[in-house]
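> Have a look; sequence and predicted model below, questions after that.
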Amino acid sequence: MGRPLGLDHVDAVRLEEVLATDFAEYRRRRLPFWMDSTPAPAPEGIEPWPHDPGPPFEQWPGLAPQMPAASVDRKPEEVAASLLAWFIETGQFGLDECRLVLVPARRGSDALASIGWSAEAPLSLLCALLRSWEDRFGAQVVAVFGRELHVSVARPPVEAEHANLLALEHVLSTANNIVDDPPTPFPEYATDLVGRTSWSFWWD
């Protein structure tokens, strides 16, 4: 934990504008790798990394649409509780070393700003994304551990087109595990988001 980030910094983030600019720069840097399907050299006995064709967009396509809540859906709080229970039961992610923290925040997506979480992540952008995901997908911050962030999702995308859009938002969060660690082709990562009720992010 570090110095709390004022929520005015999060309020000031124009999410669509920032992500559009970030995607243009990301695409400029990565396009040569997406265009070259030649496998990168790998040590003997090691499988070559799979080729990543990158996102199927030439320009920023906009945010993934909001998933409507249905009467049969579980509430975000219930999905968050289920994910936390699974962490406890399986001993995943070093949760036994975590502590319960009460945070003075009006919404869970502002909690990281309120505690000044530091993980080499652009905190104002990340909190703006979390706010948007909370509104559109019923996402809830469940745990942070070191430089890891774990989020429950009550209303994940159910269509491939929407999952592609969401996967790009994940990429632009700057988390190192999205498509890069381990190397995962963008289409494969996006497909895995369909119906997925938990998302994990970490920064090196």
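All right, it came through fine. The structure displayed is predicted, hence computed values, not measured ones.
> contacts, neighbours, all on C-alpha from now
Noted.
> pretty sure A167 is touching A190, no?
Yes. Counting by C-alpha atoms under 8 Å, A167 does reach A190; the two are 5.2 Å apart.
> In the protein, where is pLDDT below threshold?
Applying pLDDT under 70 to the chain flags residues 1, 40-42, 71-72, 92-96.
> At which residues are the strands of it located?
139-145, 148-153, 198-202 (DSSP state E).
> CA atoms only: put the longest helix anywhere in the chain into PDB for me.
Secondary structure of the chain per DSSP state H: the longest helix is helix 15-35. Output in PDB follows, covering the C-alpha atoms of helix 15-35 (Å, rounded to 0.1, in the frame of the first residue of the first chain):
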ATOM      1  CA  LEU A  15     -11.700   6.200 -20.600                       C
ATOM      2  CA  GLU A  16     -12.600   5.900 -24.300                       C
ATOM      3  CA  GLU A  17     -10.100   8.600 -25.300                       C
ATOM      4  CA  VAL A  18      -7.300   7.100 -23.200                       C
ATOM      5  CA  LEU A  19      -7.900   3.600 -24.500                       C
ATOM      6  CA  ALA A  20      -8.100   4.800 -28.100                       C
ATOM      7  CA  THR A  21      -4.700   6.500 -27.800                       C
ATOM      8  CA  ASP A  22      -3.200   3.500 -25.900                       C
ATOM      9  CA  PHE A  23      -4.500   1.100 -28.500                       C
ATOM     10  CA  ALA A  24      -3.000   3.100 -31.400                       C
ATOM     11  CA  GLU A  25       0.400   3.000 -29.700                       C
ATOM     12  CA  TYR A  26       0.100  -0.700 -28.700                       C
ATOM     13  CA  ARG A  27      -0.800  -1.700 -32.200                       C
ATOM     14  CA  ARG A  28       2.100   0.300 -33.700                       C
ATOM     15  CA  ARG A  29       4.500  -1.500 -31.500                       C
ATOM     16  CA  ARG A  30       3.100  -5.000 -31.900                       C
ATOM     17  CA  LEU A  31       1.900  -5.100 -35.500                       C
ATOM     18  CA  PRO A  32       5.300  -6.400 -36.900                       C
ATOM     19  CA  PHE A  33       5.000  -9.400 -34.600                       C
ATOM     20  CA  TRP A  34       1.300 -10.000 -35.400                       C
ATOM     21  CA  MET A  35       2.100  -9.900 -39.200                       C
END
